[in-house]
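> Pasted the sequence and its predicted model underneath.
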Amino acid sequence: MADIRFYDFNFNLVRILPPNGDEVGYKSIDTKQDYKDVGSLEIIFHDPELKSLVEEHKANLFVKWRGFCGFLTSYRWTDSECKITGMHLNGLLHRAVIKATKPLVENEETEEMEFSDVTDTVANIAKSAVSEISWLSFKEPGFVTDSVTYGTEQPEKADTFFKGLFDASKYGYEITADFKNKMLYFELIMPSKNQQIVSKNNNNAYAFETTYINKPIAYGG
C-alpha cells in the first residue's frame, strides 16, 4: 500500500497520509476510474490534521494515490470513523459548461434558420469544446481519430457533452494532472485489453470479500 497525497486546488501539497498507521493513517481506500465517466473515490482514515484540512477547504482537495488522481466532494465524521468521498478527475467536467455547438444556418427552401449537423474528427470536436474551459488544456492524441456527426443545440454540462460524444464513437477520455507544472489536461484514450492481473500475490489487490446468497434458489415448482 502507498501513501495518499492531498493537494489544494492550486496544486500545493498539503498532506501525506500513510497506510495503516496506529494513530495517523488510512484504513481503506477504494477507487474507480471509468472509460468515459466520473469514477469514484472513498477513503476511511484517522488523522486529526487531515480532518481539519478537509473542513477548511470544504472538501476541495485533489487526491493522488498510485496511478489514480481524483478530488474530494464530501466528508462524513462519526464518533468511530472519518470517511471522505469523491470522484476521479474526470468528474471535474461537471463543473464546466459547453455552449451549443450546432450552428444556425438558413434553409434554402423554407428560408428559416435551422440547426446544422457538425461532422468532424472526434479529436477536433473535443479540442474545440475543451478550448471553452479555462482551467483545462487539450493534449493532442498520438493517434488519428475517426469522424463523427455530433453536436448540441443547447448549452450542456461538459461531462454530459463528452459522454455523448464518446458514446457516439469508440473513444474515451481522461483528465490528468501535472502537479509539477500545475496543469490539468484532457486526453483522448482508445480501448485496449488490460493485461494486468489483479491478485494478492502481485500486491495490487487487498481486502477481498466473498459473498454467497441462496435466497433465489427454489426446488420443485
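Yes, it's here.

> Lowest average confidence across helices and strands of this protein, where is it?
strand 104-106 (a mean of 64; mean pLDDT, DSSP states H and E).

> longest strand anywhere in the chain?
Taking DSSP state E as the criterion, the chain has its longest strand at strand 68-77.

> Just the CA atoms of that one, as PDB, please.
Extracted as PDB, the C-alpha positions of strand 68-77 are listed here (Å, rounded to 0.1, in the frame of the first residue of the first chain):
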ATOM      1  CA  PHE A  68      -5.300   7.300  -9.500                       C
ATOM      2  CA  CYS A  69      -5.900  11.000  -9.400                       C
ATOM      3  CA  GLY A  70      -9.200  12.400  -8.100                       C
ATOM      4  CA  PHE A  71     -10.800  15.100  -6.000                       C
ATOM      5  CA  LEU A  72     -12.900  15.200  -2.900                       C
ATOM      6  CA  THR A  73     -16.600  16.100  -2.900                       C
ATOM      7  CA  SER A  74     -17.800  15.300   0.600                       C
ATOM      8  CA  TYR A  75     -16.900  14.100   4.100                       C
ATOM      9  CA  ARG A  76     -18.600  12.400   7.000                       C
ATOM     10  CA  TRP A  77     -17.400  12.300  10.600                       C
END
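
> got a list of contacts for it?
Residues outside strand 68-77 that contact it (CB atoms under 8 Å, 6 or more residues apart in numbering): 31, 33, 39, 41, 51, 54-55, 59-63, 82-89, 91-92, 175-177. C-beta here means a position set from N, CA and C on the backbone, and glycine is covered the same way.
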